[in-house]
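1. next come a sequence and a model predicted from it.
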Amino acid sequence: MRKRLGWNVMLLVVLCFSFVMAGCGKKDENAGSSSANALDAIKQRGKLVVGVKYDTKLFGLKDPATNKVEGFDIDIAKQIAKHILGDENKIELKEVTSKTRIQLLQSGDIDMIIATMTITDERKKQVDFSDVYFKAGQSLLVKKGSPITGLDSITKGTKVLAVKGSTSAKNIREKAPDATVLEFENYQDAFNALKAGQGDALTTDNAILLGMQKQDPNYTLVGGNFTDEPYGIAVKKGNSDLLQAVNDTLKELKDNGEYDKLYEQWMGTKPE
């Protein structure tokens, strides 16, 4: 009787282990394979899953009327899907924020991040970055007529708004240590806070601020850029084949002139 009970317990353990492994395998089928053959997994799935912003004008902004997400990052993502799968429509866009994007990549919910993500040495420890696909720099957005004209104007008591998890929040604390930095979940919340008078200036990459300026011309950029913030596309560390496919796409777009067209379409000027 004891022998039979022992076998039953062992069988139960084996079955439980099998179910756990099956669940893990299912996760890998959906997105973000952790192995070096992530590119093959995407091809087998027939769909590229990309983490993008939904709240960043010019780069990734969701239109509530149509539920479509549009912007420069979105168009770059579609070109990568076209390069890998032969069809730019074989893509799924998932919303990420500066705070959640690396976590979603690491958990396998997305294959890559194309979301105004600055390349930094600290982030290189967590992800692998593509070649630079957009050159940006941090700046300040203020209401027209504001006494703030740049970093030198920020004094003790000045409230500067930023986004959680962004390099901008870290940079402003270093470059304007007297400022009071208030952090928000996303760019739209931060901009709404600025318009509501909860802060004196908003800081992030100039390209994002230009989008806000277009939304409301009562606000303007001041002081020029005070950092160099190159954007990269992030994949899981070790996904070398996928990273190569991304870099090949970027090179192809720049060589055939399509990159310049997309840049000018969204930014209103040609890349430098």
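-> Received the coordinates, thanks. Numbers count the residues shown, from 1 in each chain.

2. I'd guessed residue 201 sits against residue 149; true?
-> No - using Cβ atoms under 8 Å, residue 201 is not in contact with residue 149, being 10.3 Å away. C-beta coordinates here come from the backbone N, C-alpha and C atoms, glycine included.

3. okay, the two: which has more neighbours?
-> residue 201 (27 against 12; other Cβ atoms under 10 Å).

4. what's opposite the more buried one in the beta bridge?
-> Applying DSSP bridges to residue 201 gives these bridge partners: residue 160.

5. any idea how far residue 129 is from it?
-> To residue 129, residue 201 is 29 Å away according to Cβ to Cβ, to the nearest Å.

6. per-residue confidence at residue 27?
-> Looking at residue 27, its pLDDT reads 45.

7. and the one 3 residues further on, by the same measure?
-> Residue 30 is assigned 50 on the pLDDT scale.

8. list the contacts for residue 76?
-> 114, 133, 233, 250, 253, 262 (Cβ atoms under 8 Å, 6 or more residues apart in numbering).

9. dump those into CSV; add distance to residue 91 as well.
-> As requested, those are exported to CSV (distance: Cβ to Cβ, whole Å):
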residue, distance to residue 91
114, 11
133, 17
233, 14
250, 16
253, 16
262, 16
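
10. so where's this structure uncertain?
-> Scanning the chain with the threshold set as pLDDT under 70 gives 1-36.

11. centroid-nearest residue for it?
-> Centre of the chain computed as the mean C-alpha position; nearest residue by Cα atoms, centre = their mean is residue 115, 2.3 Å away.

12. skip the chain neighbours and tell me the closest residue to it.
-> residue 53 (4.8 Å; Cβ to Cβ, 6 or more residues apart in numbering).

13. ends of stretch 119-128, how far apart?
-> One end of stretch 119-128 to the other measures 10 Å (Cα to Cα, to the nearest Å).

14. list the buried ones in it?
-> Buried positions in stretch 119-128, judged by neighbour count with 16 or more other Cβ atoms under 10 Å: 119, 123, 127-128.

15. next: stretch 85-92.
-> Neighbour counts over stretch 85-92 (16+ other Cβ under 10 Å) mark 85, 90-91 as buried.

16. and those, which is closest to residue 102?
-> When the buried residues of stretch 85-92 are compared for distance to residue 102 (Cβ to Cβ), residue 91 wins out at 20.4 Å.

17. how close does that closest one sit to residue 82?
-> 9 Å.

18. same question for residue 265.
-> From residue 265 to residue 82 the distance is 17 Å (Cβ to Cβ).

19. neighbour count for the two, which is higher?
-> Neighbour tally, residue 265 and residue 82, criterion other Cβ under 10 Å: the higher count belongs to residue 82, 17 against 11.

20. is it true that that one touches residue 48?
-> No - using Cβ under 8 Å, residue 82 makes no contact with residue 48, being 9.5 Å away.

21. quick one: secondary structure of residue 77?
-> Assigned by DSSP: H, G, I helix; E, B strand; the rest coil, the conformation of residue 77 is helix.
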